[in-house]
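Student: how does the following fold in three dimensions:
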Amino acid sequence: MSRAFVKENDLEHAGIDIPERPISDEPNYVTPRGLSLLYQTIDDLEKEREALNAKKDDPMVKQKIAVIERDMRYFAARIESAILTNSQGEDPSHVLFGAKVTVEDEEGKFLTFEIVGEDEANIHEDRVSYLSPLAEALIGSAVGDEVVWEKPMGDSYLTIQKINY
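Tutor: The predicted model follows:
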């Protein structure tokens with residue numbers, strides 16, 4: 001029988017089946033701040049879900065709740081796999097996970113980046129994932145070292161000026 005003659009509720013196919021968020025295969029290193037942010041995100045999602053529960057008969061709300069629950073599963077899995085690294089007290093002679101690194105580029109401009117976990121990375125806050133090309137160039141280097149930051153628009157040469165933990 002053709003689907004044209006079958007009466008179904010169109011909302012049944014409105015996208016309630018939300019695909020899971022992919023979880024990285026890389027080790028989930030987190031800073032204390034990063035772990036705190038993961039817990040805070042779950043708390044915020046829980047509050048949002050509770051606020052929507054009163055209207056859960058609405059198909060649009062039902063879909064929103066499904067997205068929230070999917071995100072809660074993702075962040076719960078990230079917390080479960082978290083490897084907490086506390087870099088306070090680390091020797092500031094070399095760049096490691098959790099370091100705040102000040103570099104000077106070819107134009108004499110100073111930039112500071114913090115090397116953090118995947119979920120905490122935010123370039124607008126100068127926090128870069130330890131898996132990023134920039135972090136990979138910096139990790140293991142010392143003050144005075146020149147590193148090559150491989151970028152799609154061409155390599156940048158950075159000189160490490162300062163390392164803080």
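Student: distance check, the residue most central in space within the chain against Ser93.
Tutor: Among the residues of the chain, Asp119 comes closest to the average C-alpha position under CA atoms, centre = their mean, at 2.1 Å. Counting by CB to CB, to the nearest Å, the gap from Asp119 to Ser93 is 28 Å. Using the backbone N, CA and C atoms, a C-beta is placed for each residue, glycine as well.
Student: my guess is the residue nearest to the centre of the chain meets Gln40, correct?
Tutor: No. In this structure Asp119 lies outside contact range of Gln40 using CB atoms under 8 Å: 11.4 Å.
Student: list the contacts of the residue nearest to the centre of the chain.
Tutor: Shown in contact with Asp119 (CB atoms under 8 Å, 6 or more residues apart in numbering): Asn28, Val30, Gly34, Leu37, Leu38, Phe75, Arg78.
Student: show only the entries of those residues found in strands.
Tutor: Members of the contacts of Asp119 lying in strands (criterion: DSSP state E): Asn28, Val30.
Student: the contacts of Asp119 into JSON lines, with extra columns for neighbour count, distance to Arg49 and pLDDT?
Tutor: JSON lines is the format used below for the contacts of Asp119 (neighbours: other CB atoms under 10 Å; distance: CB to CB, whole Å; pLDDT from 0 to 100):
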{"residue": "Asn28", "neighbour count": "21", "distance to Arg49": "24", "pLDDT": "97"}
{"residue": "Val30", "neighbour count": "25", "distance to Arg49": "24", "pLDDT": "97"}
{"residue": "Gly34", "neighbour count": "22", "distance to Arg49": "23", "pLDDT": "97"}
{"residue": "Leu37", "neighbour count": "18", "distance to Arg49": "19", "pLDDT": "97"}
{"residue": "Leu38", "neighbour count": "21", "distance to Arg49": "17", "pLDDT": "98"}
{"residue": "Phe75", "neighbour count": "20", "distance to Arg49": "13", "pLDDT": "98"}
{"residue": "Arg78", "neighbour count": "22", "distance to Arg49": "18", "pLDDT": "98"}
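Student: now the helices for the protein?
Tutor: Assigned by DSSP state H, the helices in the chain fall at 32-52, 59-80, 133-138.
Student: so which of the ones you listed is the most surrounded?
Tutor: helix 133-138 (a mean of 20; mean count of other CB atoms under 10 Å).
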